[in-house]
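# Sequence plus the predicted model coming up.
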Amino acid sequence: MYASRKEKLHWKKKADVVQVQNMVKPLVSICVPTYNSARYLLPCLDSIVAQTYDNIEVIFSDNASKDDTVAILQDYVNLHGHALSLNAANIGAGANFNKLVGLAKGEYIAIYHADDVYRDTIVEESVKVLQNNPSVGLVGTMGTVIDSDGKFQYDIQLHNEIKSLNKAVYTFDEALVGAIRNMFVTPTIMVRAKAYQELGDFDYKKYKSACDYEMWLRIARKYQVAVIDKKLINYRIHEGQGSEHEVRKNIEIPDILWVLKEYRQFVNDKKISKCCDNIVDNWIFKAAKKQNRLGYYSKSTETLQLLNLKKYWFPKYMYKALNMMHLSPKKRKL
(Lines give C-alpha, C1' and ligand atoms only; values in the text may rest on other atoms or scores of the structure.)
Protein backbone atom coordinates (compact mmCIF):
# COMPACT_ATOMS: atom_id res chain seq x y z
CA MET A 1 0.00 0.00 0.00
CA TYR A 2 1.34 3.42 -1.03
CA ALA A 3 1.07 6.50 1.16
CA SER A 4 -1.24 9.26 -0.07
CA ARG A 5 0.12 12.68 -1.09
CA LYS A 6 -1.35 14.10 2.15
CA GLU A 7 0.44 11.45 4.24
CA LYS A 8 3.72 12.10 2.41
CA LEU A 9 3.45 15.83 3.12
CA HIS A 10 2.70 15.07 6.78
CA TRP A 11 5.80 12.92 7.15
CA LYS A 12 7.92 15.41 5.22
CA LYS A 13 6.86 18.18 7.62
CA LYS A 14 7.55 15.92 10.61
CA ALA A 15 11.03 15.08 9.27
CA ASP A 16 11.75 18.77 8.65
CA VAL A 17 10.78 19.60 12.25
CA VAL A 18 13.10 16.89 13.61
CA GLN A 19 15.90 18.13 11.37
CA VAL A 20 15.42 21.73 12.53
CA GLN A 21 15.32 20.64 16.16
CA ASN A 22 18.61 18.78 15.73
CA MET A 23 20.20 21.85 14.15
CA VAL A 24 19.14 24.26 16.90
CA LYS A 25 21.66 24.67 19.69
CA PRO A 26 19.91 25.06 23.05
CA LEU A 27 20.93 28.06 25.13
CA VAL A 28 23.36 27.22 27.92
CA SER A 29 23.68 29.44 31.00
CA ILE A 30 27.19 29.54 32.43
CA CYS A 31 26.88 30.97 35.94
CA VAL A 32 29.97 32.15 37.81
CA PRO A 33 29.68 33.08 41.50
CA THR A 34 32.59 35.23 42.71
CA TYR A 35 34.00 36.49 45.99
CA ASN A 36 37.50 37.97 46.25
CA SER A 37 38.40 35.91 43.18
CA ALA A 38 40.74 38.36 41.45
CA ARG A 39 43.91 36.28 41.81
CA TYR A 40 42.59 33.32 39.80
CA LEU A 41 39.74 34.87 37.82
CA LEU A 42 41.38 35.71 34.46
CA PRO A 43 42.30 32.12 33.46
CA CYS A 44 38.78 30.99 34.37
CA LEU A 45 37.10 33.71 32.30
CA ASP A 46 39.43 33.16 29.34
CA SER A 47 38.60 29.44 29.40
CA ILE A 48 34.87 30.26 29.27
CA VAL A 49 35.35 32.68 26.37
CA ALA A 50 37.31 29.97 24.50
CA GLN A 51 34.46 27.40 24.58
CA THR A 52 33.74 25.65 21.28
CA TYR A 53 30.00 25.77 22.00
CA ASP A 54 28.71 29.22 21.09
CA ASN A 55 25.07 29.51 22.21
CA ILE A 56 25.99 30.61 25.73
CA GLU A 57 24.96 33.32 28.14
CA VAL A 58 27.45 34.06 30.92
CA ILE A 59 26.18 35.45 34.22
CA PHE A 60 28.37 36.65 37.08
CA SER A 61 27.10 37.23 40.61
CA ASP A 62 29.61 38.86 42.91
CA ASN A 63 29.30 38.39 46.66
CA ALA A 64 30.53 41.85 47.78
CA SER A 65 34.20 41.30 46.87
CA LYS A 66 36.78 43.63 48.40
CA ASP A 67 39.54 43.05 45.82
CA ASP A 68 39.66 43.76 42.05
CA THR A 69 37.14 41.04 41.14
CA VAL A 70 34.35 43.39 40.04
CA ALA A 71 36.70 45.48 37.89
CA ILE A 72 37.89 42.34 36.08
CA LEU A 73 34.32 41.12 35.60
CA GLN A 74 33.28 44.52 34.25
CA ASP A 75 35.98 44.29 31.57
CA TYR A 76 34.55 40.97 30.38
CA VAL A 77 31.02 42.35 30.50
CA ASN A 78 32.11 45.23 28.26
CA LEU A 79 34.07 43.00 25.87
CA HIS A 80 31.70 40.05 25.57
CA GLY A 81 28.27 41.24 26.68
CA HIS A 82 28.16 39.03 29.78
CA ALA A 83 25.73 39.86 32.59
CA LEU A 84 26.90 41.04 36.01
CA SER A 85 24.89 41.12 39.23
CA LEU A 86 26.32 42.64 42.41
CA ASN A 87 25.27 41.64 45.92
CA ALA A 88 25.32 44.55 48.39
CA ALA A 89 26.51 42.13 51.09
CA ASN A 90 27.95 38.60 51.09
CA ILE A 91 24.92 36.31 51.05
CA GLY A 92 26.97 33.09 51.18
CA ALA A 93 27.89 30.61 48.45
CA GLY A 94 24.66 28.57 48.54
CA ALA A 95 22.40 31.61 48.32
CA ASN A 96 24.52 32.94 45.46
CA PHE A 97 24.08 29.62 43.60
CA ASN A 98 20.31 29.98 43.97
CA LYS A 99 20.40 33.57 42.77
CA LEU A 100 22.34 32.59 39.64
CA VAL A 101 20.00 29.72 38.81
CA GLY A 102 17.10 32.16 39.14
CA LEU A 103 18.75 34.56 36.69
CA ALA A 104 19.58 31.87 34.12
CA LYS A 105 17.50 31.65 30.94
CA GLY A 106 19.18 28.60 29.40
CA GLU A 107 17.80 25.11 28.89
CA TYR A 108 20.95 23.84 30.60
CA ILE A 109 22.70 25.52 33.54
CA ALA A 110 26.30 25.11 34.71
CA ILE A 111 27.71 26.80 37.82
CA TYR A 112 31.41 27.17 37.04
CA HIS A 113 33.80 28.19 39.80
CA ALA A 114 35.91 31.34 39.48
CA ASP A 115 39.21 29.72 40.48
CA ASP A 116 39.09 26.78 38.06
CA VAL A 117 40.11 26.51 34.41
CA TYR A 118 37.87 24.76 31.86
CA ARG A 119 38.88 22.80 28.78
CA ASP A 120 37.42 24.38 25.65
CA THR A 121 35.07 21.46 24.87
CA ILE A 122 33.46 20.97 28.29
CA VAL A 123 30.24 22.80 27.40
CA GLU A 124 29.92 21.17 23.98
CA GLU A 125 30.50 17.66 25.33
CA SER A 126 28.15 18.17 28.29
CA VAL A 127 25.35 19.49 26.06
CA LYS A 128 25.76 16.51 23.72
CA VAL A 129 25.22 14.07 26.61
CA LEU A 130 22.07 15.88 27.80
CA GLN A 131 20.66 16.12 24.28
CA ASN A 132 21.28 12.44 23.56
CA ASN A 133 19.89 11.23 26.91
CA PRO A 134 16.50 12.78 27.81
CA SER A 135 16.39 10.73 31.03
CA VAL A 136 19.61 12.36 32.33
CA GLY A 137 19.20 15.33 34.69
CA LEU A 138 22.84 16.27 35.15
CA VAL A 139 26.24 15.56 33.67
CA GLY A 140 29.70 16.08 35.12
CA THR A 141 33.27 15.31 34.09
CA MET A 142 36.57 14.23 35.56
CA GLY A 143 39.47 16.65 35.96
CA THR A 144 43.02 17.48 36.98
CA VAL A 145 43.88 19.06 40.34
CA ILE A 146 46.28 22.01 40.24
CA ASP A 147 47.74 24.14 43.03
CA SER A 148 47.57 27.90 43.54
CA ASP A 149 50.33 28.39 40.95
CA GLY A 150 48.63 26.20 38.37
CA LYS A 151 51.04 23.28 38.84
CA PHE A 152 49.79 19.72 38.36
CA GLN A 153 48.99 17.83 41.58
CA TYR A 154 47.00 14.74 40.55
CA ASP A 155 44.19 13.54 38.30
CA ILE A 156 40.62 13.04 39.48
CA GLN A 157 39.62 9.68 38.08
CA LEU A 158 36.54 7.50 38.24
CA HIS A 159 36.88 5.07 41.13
CA ASN A 160 37.31 1.45 40.01
CA GLU A 161 34.01 0.62 41.71
CA ILE A 162 32.25 3.01 39.33
CA LYS A 163 34.43 2.30 36.30
CA SER A 164 33.78 -1.43 36.57
CA LEU A 165 30.09 -0.78 35.84
CA ASN A 166 31.24 0.04 32.28
CA LYS A 167 28.62 2.71 31.68
CA ALA A 168 28.30 6.50 31.48
CA VAL A 169 24.73 6.92 32.77
CA TYR A 170 23.86 5.93 36.34
CA THR A 171 20.88 5.14 38.55
CA PHE A 172 20.29 6.67 41.99
CA ASP A 173 21.92 3.73 43.83
CA GLU A 174 25.02 4.06 41.66
CA ALA A 175 24.99 7.85 42.08
CA LEU A 176 25.06 7.47 45.87
CA VAL A 177 28.14 5.27 45.59
CA GLY A 178 29.50 7.88 43.19
CA ALA A 179 28.99 10.64 45.76
CA ILE A 180 31.09 8.58 48.18
CA ARG A 181 33.70 7.79 45.53
CA ASN A 182 34.21 11.35 44.26
CA MET A 183 32.26 10.87 41.02
CA PHE A 184 30.71 14.34 41.23
CA VAL A 185 33.24 17.08 40.51
CA THR A 186 30.88 19.92 41.41
CA PRO A 187 32.34 22.78 39.29
CA THR A 188 31.98 20.63 36.13
CA ILE A 189 28.31 19.81 36.53
CA MET A 190 25.66 20.92 34.04
CA VAL A 191 21.98 20.52 34.97
CA ARG A 192 18.73 20.68 33.03
CA ALA A 193 16.99 23.91 34.03
CA LYS A 194 13.80 21.84 34.26
CA ALA A 195 15.34 19.80 37.10
CA TYR A 196 16.03 22.94 39.15
CA GLN A 197 12.52 24.20 38.45
CA GLU A 198 10.99 20.91 39.60
CA LEU A 199 13.20 20.21 42.61
CA GLY A 200 13.83 23.63 44.12
CA ASP A 201 16.81 25.53 45.51
CA PHE A 202 20.13 24.46 47.00
CA ASP A 203 19.32 23.88 50.68
CA TYR A 204 22.45 25.53 52.10
CA LYS A 205 20.87 26.22 55.49
CA LYS A 206 20.40 22.53 56.20
CA TYR A 207 23.32 20.94 54.30
CA LYS A 208 25.86 23.80 54.48
CA SER A 209 29.04 23.06 52.47
CA ALA A 210 27.49 19.84 51.10
CA CYS A 211 24.39 21.52 49.65
CA ASP A 212 25.74 20.84 46.16
CA TYR A 213 26.10 17.10 46.79
CA GLU A 214 22.60 17.02 48.25
CA MET A 215 21.27 18.70 45.11
CA TRP A 216 23.01 16.17 42.83
CA LEU A 217 21.46 13.30 44.82
CA ARG A 218 18.07 15.02 44.82
CA ILE A 219 18.29 15.17 41.04
CA ALA A 220 19.50 11.55 40.91
CA ARG A 221 16.32 10.40 42.67
CA LYS A 222 14.20 11.72 39.78
CA TYR A 223 16.60 11.51 36.82
CA GLN A 224 19.57 9.44 35.78
CA VAL A 225 22.96 11.15 36.06
CA ALA A 226 25.91 11.00 33.65
CA VAL A 227 29.66 11.37 33.86
CA ILE A 228 32.03 12.10 30.98
CA ASP A 229 35.18 10.15 31.78
CA LYS A 230 37.49 12.88 30.51
CA LYS A 231 39.58 15.47 32.34
CA LEU A 232 37.77 18.63 31.23
CA ILE A 233 38.65 20.92 34.15
CA ASN A 234 41.77 22.06 35.96
CA TYR A 235 40.41 22.08 39.51
CA ARG A 236 42.38 24.45 41.70
CA ILE A 237 43.06 23.78 45.38
CA HIS A 238 44.29 26.78 47.37
CA GLU A 239 44.11 28.33 50.83
CA GLY A 240 41.40 30.84 49.98
CA GLN A 241 38.74 28.48 48.67
CA GLY A 242 35.68 27.53 50.72
CA SER A 243 36.32 23.78 50.65
CA GLU A 244 39.78 24.28 52.14
CA HIS A 245 38.25 25.83 55.25
CA GLU A 246 34.93 23.92 55.32
CA VAL A 247 36.33 20.44 54.74
CA ARG A 248 40.08 20.00 54.93
CA LYS A 249 40.61 22.27 57.97
CA ASN A 250 37.28 21.61 59.64
CA ILE A 251 37.24 19.71 62.92
CA GLU A 252 33.54 18.92 62.58
CA ILE A 253 32.11 15.86 60.86
CA PRO A 254 32.06 16.58 57.09
CA ASP A 255 28.66 17.97 56.04
CA ILE A 256 28.36 15.39 53.26
CA LEU A 257 28.03 12.69 55.93
CA TRP A 258 24.61 14.03 56.92
CA VAL A 259 23.59 14.02 53.25
CA LEU A 260 24.60 10.36 52.92
CA LYS A 261 22.80 9.41 56.13
CA GLU A 262 19.62 11.00 54.80
CA TYR A 263 19.75 9.61 51.26
CA ARG A 264 20.86 6.14 52.30
CA GLN A 265 17.20 5.36 53.14
CA PHE A 266 16.28 5.56 49.44
CA VAL A 267 18.78 2.89 48.34
CA ASN A 268 17.34 -0.37 46.97
CA ASP A 269 20.53 -2.45 46.82
CA LYS A 270 21.44 -3.92 50.24
CA LYS A 271 25.10 -4.16 49.27
CA ILE A 272 25.16 -0.42 48.56
CA SER A 273 23.35 0.30 51.85
CA LYS A 274 26.03 -1.63 53.72
CA CYS A 275 28.78 0.19 51.81
CA CYS A 276 27.19 3.52 52.71
CA ASP A 277 26.97 2.56 56.40
CA ASN A 278 30.66 1.59 56.39
CA ILE A 279 31.69 4.87 54.78
CA VAL A 280 29.58 6.95 57.19
CA ASP A 281 31.03 5.23 60.26
CA ASN A 282 34.55 5.46 58.82
CA TRP A 283 34.19 9.23 58.40
CA ILE A 284 32.73 9.59 61.90
CA PHE A 285 35.65 7.68 63.37
CA LYS A 286 38.19 9.73 61.38
CA ALA A 287 36.59 12.94 62.64
CA ALA A 288 36.73 11.66 66.24
CA LYS A 289 40.43 10.77 65.88
CA LYS A 290 41.21 14.17 64.35
CA GLN A 291 39.42 15.93 67.20
CA ASN A 292 41.33 13.85 69.77
CA ARG A 293 44.69 14.60 68.15
CA LEU A 294 43.93 18.32 68.14
CA GLY A 295 42.99 18.24 71.83
CA TYR A 296 39.20 18.58 71.43
CA TYR A 297 38.58 15.69 73.80
CA SER A 298 34.94 16.30 74.77
CA LYS A 299 34.00 16.89 71.12
CA SER A 300 35.78 13.65 70.15
CA THR A 301 33.77 11.70 72.74
CA GLU A 302 30.55 13.30 71.46
CA THR A 303 31.41 12.29 67.89
CA LEU A 304 32.21 8.69 68.91
CA GLN A 305 28.63 8.36 70.21
CA LEU A 306 27.42 8.52 66.60
CA LEU A 307 29.20 5.30 65.59
CA ASN A 308 26.80 2.44 64.80
CA LEU A 309 28.79 -0.49 63.43
CA LYS A 310 29.94 -3.14 65.90
CA LYS A 311 33.36 -3.39 64.27
CA TYR A 312 34.27 -0.06 65.90
CA TRP A 313 33.49 -1.13 69.46
CA PHE A 314 37.15 -1.48 70.56
CA PRO A 315 38.61 1.74 69.01
CA LYS A 316 35.46 3.57 70.13
CA TYR A 317 36.02 2.76 73.80
CA MET A 318 39.79 3.15 73.51
CA TYR A 319 39.42 6.73 72.24
CA LYS A 320 36.74 7.45 74.84
CA ALA A 321 39.22 6.43 77.53
CA LEU A 322 41.97 8.55 75.96
CA ASN A 323 39.61 11.53 75.84
CA MET A 324 38.76 11.12 79.51
CA MET A 325 42.48 11.22 80.34
CA HIS A 326 43.14 14.08 77.88
CA LEU A 327 45.63 11.91 76.01
CA SER A 328 46.29 11.52 72.30
CA PRO A 329 48.35 8.83 70.52
CA LYS A 330 49.60 11.43 68.06
CA LYS A 331 49.00 15.09 68.79
CA ARG A 332 49.17 17.61 65.95
CA LYS A 333 48.20 21.16 65.13
CA LEU A 334 45.41 22.24 62.77
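Received it, and whenever you're ready, just let me know what you need.

# gap between the residue nearest the centre of the chain and I91?
By C-alpha atoms, centre = their mean, the chain has its centre lying nearest to T186, at 2.0 Å. Distance of T186 to I91, computed by C-beta to C-beta, to the nearest Å: 19 Å. In this view, the C-beta of every residue, glycine as well, is placed from N, C-alpha and C.

# I256 too?
To I91, I256 is 22 Å away according to C-beta to C-beta.

# same deal with S298?
34 Å.

# Please say which of these two ends up with more neighbours.
Using other C-beta atoms under 10 Å as the criterion, S298 and I91 rank with I91 on top: 17 against 11.

# quick one, what contacts that one?
Shown in contact with I91 (C-beta atoms under 8 Å, 6 or more residues apart in numbering): N63, K99.

# count of neighbours near Y204?
A count of neighbours around Y204, defined by other C-beta under 10 Å, yields 22.

# just G295 next, same as before
Neighbours of G295 (other C-beta under 10 Å): 15.

# Wait, a helix at it?
No - read with DSSP: H, G, I helix; E, B strand; the rest coil, G295 is coil and lies in no helix.

# per-residue confidence for it?
With respect to pLDDT, G295 scores 92.

# cool, and V280?
85.

# who's in contact with it?
Contacts here follow C-beta under 8 Å, 6+ apart; on that basis V280 touches L257, L260, K261, R264, N308.

# my guess is the last one contacts D277, does it?
Yes - counting by C-beta atoms under 8 Å, N308 touches D277, with 6.9 Å between them.

# more neighbours, the two?
Ranked by neighbour count (other C-beta under 10 Å), N308 and D277 place D277 first, with 15 against 10.

# Quick one: neighbours of the nearest residue to E174 once chain neighbours are set aside, just the number.
Take E174 and drop its neighbours on the chain: the residue closest to it by C-beta to C-beta, 6 or more residues apart in numbering is L165, 6.5 Å away. When neighbours are counted by other C-beta under 10 Å, L165 registers 15.

# now M215
M215, neighbours per other C-beta under 10 Å, totals 28.

# Assumed it was part of a helix.
Yes - M215: assigned to a helix according to three-state DSSP.

# May I ask you to confirm that V191 belongs to a helix?
No - counting by three-state DSSP, V191 is not found in a helix; it is strand.

# List the contacts of it.
So V191 contacts Y108, I109, A110, G137, L138, I219 (C-beta under 8 Å, 6+ apart).

# list the buried ones in stretch 226-241?
For stretch 226-241, the neighbour count (16 or more other C-beta atoms under 10 Å) marks A226, V227, I228, K231, L232, I233, N234, Y235, R236, I237, Q241 as buried.

# Against R221, how distant is the residue nearest to I122 when sequence neighbours are not counted?
In space, I122 comes closest to L232 once its chain neighbours are excluded; the distance is 4.1 Å by C-beta to C-beta, 6+ apart. To R221, L232 is 26 Å away according to C-beta to C-beta.

# which parts of the helix or strand hosting D155 are buried?
Secondary structure assigned from DSSP states H and E places D155 in strand 152-156. Neighbour counts over strand 152-156 (16+ other C-beta under 10 Å) mark I156 as buried.

# so what does that strand touch, helix or strand wise?
Applying 3 or more C-beta pairs under 8 Å, 6 or more residues apart in numbering; DSSP states H and E, we find strand 152-156 packed against strand 136-146, strand 224-236.

# So what touches stretch 32-50?
30, 56, 58-69, 72-73, 76, 80, 90, 93, 96-97, 100, 111-120, 148, 150, 236, 238, 240.

# which ones are touching the residue nearest to the centre of the chain?
Contacts of T186 (C-beta under 8 Å, 6+ apart): I111, H113, G140, D212, Y213, W216.

# any idea how far the residue nearest to I122 is from P33?
Counting by C-beta to C-beta - L232 and P33 are separated by 20 Å.

# same deal with L45?
13 Å.

# The residue nearest to D203 when sequence neighbours are not counted is in what secondary structure piece?
In space, and not counting its chain neighbours, D203 is closest to C211: 5.6 Å by C-beta to C-beta, 6+ apart. Per DSSP H and E, C211 falls inside helix 211-222.

# what's that helix packed up against?
Checking 3+ C-beta pairs under 8 Å, 6+ apart, helix 211-222 ends up next to helix 93-103, strand 136-146, helix 172-180, helix 193-199, helix 204-207, helix 255-263.

# Does W283 touch W258 like I think?
No - at 10.5 Å, W283 does not count as touching W258 under the criterion of C-beta under 8 Å.
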